[in-house]
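Asker: No letters, just coordinates:
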């Protein structure tokens, strides 16, 4: 068996593989087990010894080696015939966390990185403070949002919410569980080549991560860890990437991009997916947001000035924005009804023209379940008068009052802004066009005279809903989706639709809306690892 090969035998095997390589591409993509650094790490009082393989370029024809690199960490025990947490070199799952945030370029996670939320500008800790990326026009902000305070959405829609500033190190935590950890960087919406072309627009971040998975599978025979049990993990836009990786495995739409990069000749489907608050289904996210927040006309604009002290300013939607909210809400029932969703008992989930119906009750049921779990754990919910509690059971909630408790965060349209001011507008650009619309509604109402709309094939490639259940796609069997009950970066309907659609197609889904949790991820690692161990042991 591959993991029973001694370290010296591994080196000899690599030399044989390299000498017999059929192409330069295979040479470049062969994992070298002898090229590592030993690291002795501390996690919760425990010493962890690993072999660190860092900054591995995972494609033969990289576009940007600042990002198309991967860090791989392997417990030392697996090179000595030992086990960790019941896993061996043969059976250890490969944990695949990404650091994508705001659809920005991301460097791979590392054992030395101070763990926090995926950086707001998408760059690793070592990149912070370096100024604008190479090739970016003078005066442009690295986050692509223009001067602070400018733009339809207040110029600062991606602030760090409470709960995201500090997280346990997911890399160290995963290593302590005996997992092999592989984290890949990826290009993003602001990466620019020396000739001024944009190199990270849709679908390039996803393609990069797919290529990294192919690298792991290509080298499965000579690496500790089971490449048939890769579990992705991501938060926010990284959660969207995780969901997309799980939903689009081996789909031919991405093949031309992978071939151009010189990706390894292997598959890219995953075993399981962890997606925290995935900012996904973007071509329907505006209507989902207004279905939830329509009628909530006050909003909190959070800005982070250079001093680092946040300023919260209460604002009210204009009459024009209220009109847009109503128009977008009115579009949502047709979309929901077109999906033919069913609950766990096979009952159809639908909405009437006013946005009410069994689907709304289905979304409410997840919030009620979350409140019940909090109540059972001893949380005092008595101040929430919109919850109906009898005999220590949460039996109902006033959805409108609950949404007002959440408070609105974004202006309509929340994602495809009329003035092209959102990160998502920039994500849907091209090599030569920085920002584009991606919905017909916003393109029709655009305030930018020269605006264009993204090609439908690219819009499709960034939405997992189009791929789930397709015959030419290998979708992950296991899914764990978490979206906080107080997370208003996207509508609650988005993760509920994703989870329900997956369940309806026969996939195994663990979906929850953790109580009062804002936009955040990796906050329940004990539960996550328990889930992984249940699947892998």
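Answerer: Happy to help now that I have it. Quick caveat, the model's predicted, so the values are computed rather than measured. Residues are numbered from 1 along each chain as shown.
Asker: Low-confidence regions, this protein specifically.
Answerer: 1-26, 113-168, 301-314 (pLDDT under 70).
Asker: how about 50 then?
Answerer: 1, 3-22, 115-165, 303-311 (pLDDT under 50).
Asker: Tell me which residues touch the residue nearest the centre of it, please.
Answerer: Centroid-nearest residue in the chain: residue 239, 1.7 Å away (criterion: Cα atoms, centre = their mean). Neighbouring residues of residue 239 by Cβ atoms under 8 Å, 6 or more residues apart in numbering: 275, 276, 277, 278, 279, 280, 521. Every residue, glycine included, has its C-beta placed from N, CA and C.
Asker: That one should be in a helix, yeah?
Answerer: Yes: under DSSP: H, G, I helix; E, B strand; the rest coil, residue 239 falls within a helix.
Asker: now the strands for the stretch 1-150 of the chain?
Answerer: Assigned by DSSP state E, counting those that start in this stretch, the strands in the stretch 1-150 of the chain fall at 37-43, 46-57, 69-75, 93-97.
Asker: same deal with the stretch 351-500 of the chain?
Answerer: Here the stretch 351-500 of the chain has its strands, by DSSP E, counting those that start in this stretch, at 387-390, 393-397, 478-482.
Asker: taking those strands together, which one is wrapped up most tightly?
Answerer: Each of these was scored by mean neighbour count; the highest is strand 478-482, a mean of 24, by mean count of other Cβ atoms under 10 Å.
Asker: Quick check, residue 529 in contact with residue 177.
Answerer: Yes: between residue 529 and residue 177 there is a contact at 5.1 Å, judged by Cβ atoms under 8 Å.
Asker: The two: who's more crowded?
Answerer: Comparing residue 529 with residue 177 by neighbour count (other Cβ atoms under 10 Å), the higher total belongs to residue 177, at 23 against 19.
Asker: Where does the residue nearest to the residue nearest to the centre of the chain when sequence neighbours are not counted sit: helix, strand or coil?
Answerer: Excluding its sequence neighbours, the residue lying closest to residue 239 (Cβ to Cβ, 6 or more residues apart in numbering) is residue 278, at 3.5 Å. Using three-state DSSP, the structure places residue 278 in coil.
Asker: tell me the contacts of residue 278?
Answerer: 234, 236, 239, 240, 242, 243, 481, 483, 494, 495, 498.
Asker: What distance do you get for it to residue 243?
Answerer: Here the distance between residue 278 and residue 243 works out to 5 Å (Cβ to Cβ, to the nearest Å).
Asker: Mutual contacts of these two, please.
Answerer: 234, 481, 498.
Asker: burial measure for the last one, as a count.
Answerer: Other residues within reach of residue 498, judged by other Cβ under 10 Å, total 26.
Asker: Was I right to think it contacts residue 280?
Answerer: Yes: counting by Cβ under 8 Å, residue 498 touches residue 280, with 6.9 Å between them.
Asker: So for these two, which residues contact both of them?
Answerer: Common contact partners of residue 498 and residue 280 (Cβ under 8 Å, 6+ apart): 243, 464.
Asker: what residues are up against the closest residue to residue 482 other than its chain neighbours?
Answerer: Excluding the flanking residues, the one nearest residue 482 by Cβ to Cβ, 6+ apart is residue 276, at 5.2 Å. For residue 276, the contact set (Cβ under 8 Å, 6+ apart) comprises 233, 234, 235, 236, 238, 239, 482, 483, 520, 521, 522.
Asker: who's residue 276 bridged to?
Answerer: On the basis of DSSP bridges, residue 276 takes part in beta bridges with residue 235, residue 482.
Asker: Tell me the spacing between it and residue 86.
Answerer: Residue 276 is 26 Å from residue 86, by Cβ to Cβ.
Asker: Over to residue 372?
Answerer: Residue 372 is 33 Å from residue 86, where distance means Cβ to Cβ.
Asker: Pick out whichever of these two has more residues nearby.
Answerer: More crowded of residue 372 and residue 86, by other Cβ under 10 Å: residue 372, with 18 against 12.
Asker: Can you tell me, leaving aside adjacent residues, what's nearest to that one?
Answerer: Leaving aside its chain neighbours, residue 372 sits nearest to residue 394 (4.6 Å; criterion: Cβ to Cβ, 6+ apart).
Asker: Surely that neighbour is in contact with residue 375?
Answerer: Yes: contact criterion Cβ under 8 Å: residue 394 and residue 375 qualify, at 6.1 Å.
Asker: Common neighbours of the two, please.
Answerer: Counting by Cβ under 8 Å, 6+ apart, the residues touching both residue 394 and residue 375 are residue 381.
Asker: okay, now residue 339: neighbour count?
Answerer: Close neighbours of residue 339, defined as other Cβ under 10 Å, add up to 16.
Asker: And for the nearest residue to it once chain neighbours are set aside, the neighbour number?
Answerer: In space, and not counting its chain neighbours, residue 339 is closest to residue 501: 6.3 Å by Cβ to Cβ, 6+ apart. Counted with other Cβ under 10 Å, the neighbours of residue 501 add up to 21.
Asker: pretty sure residue 501 is in a helix, no?
Answerer: Yes: under three-state DSSP, residue 501 falls within a helix.
Asker: and the shared contacts of residue 278 and residue 243 as CSV, adding distance to residue 200?
Answerer: Converted to CSV, the shared contacts of residue 278 and residue 243 look like this (distance: Cβ to Cβ, whole Å):
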residue, distance to residue 200
234, 16
481, 26
498, 24
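Asker: right, and out of those, which lies closest to residue 189?
Answerer: When the shared contacts of residue 278 and residue 243 are ranked by distance to residue 189 (Cβ to Cβ), residue 234 comes first, at 15.8 Å.
Asker: which SS class is the closest residue in space to the closest one that isn't next to it in sequence?
Answerer: Excluding the flanking residues, the one nearest residue 234 by Cβ to Cβ, 6+ apart is residue 242, at 3.7 Å. What three-state DSSP gives for residue 242 is helix.
Asker: So residue 242 is in contact with residue 232, correct?
Answerer: Yes: the pair formed by residue 242 and residue 232 meets the contact definition of Cβ under 8 Å, at 4.3 Å.
Asker: Neighbour count: those two, which is higher?
Answerer: residue 242 (33 against 26).
Asker: so what's residue 398 closest to, chain neighbours aside?
Answerer: residue 386 (4.1 Å).
Asker: quick one: that neighbour and residue 97, what's the gap?
Answerer: To residue 97, residue 386 is 36 Å away according to Cβ to Cβ.
Asker: and what of residue 362?
Answerer: On the measure of Cβ to Cβ, residue 362 and residue 97 end up 30 Å apart.
Asker: Settle it for me: which of the two has more neighbours?
Answerer: residue 97 (24 against 21).
Asker: Show me what that one bridges to in the sheet.
Answerer: Applying DSSP bridges, one finds that residue 97 bridges with residue 233.
Asker: surely it meets residue 169?
Answerer: No: judged on Cβ under 8 Å, residue 97 makes no contact with residue 169 at a distance of 10.3 Å.
Asker: Quick check on the nearest residue to residue 59 once chain neighbours are set aside: phi, psi?
Answerer: Sequence neighbours aside, residue 261 is the residue nearest to residue 59 in space, at 4.2 Å (criterion: Cβ to Cβ, 6+ apart). Residue 261 adopts backbone torsions of phi -80, psi -10, taken as degrees, to the nearest 10.
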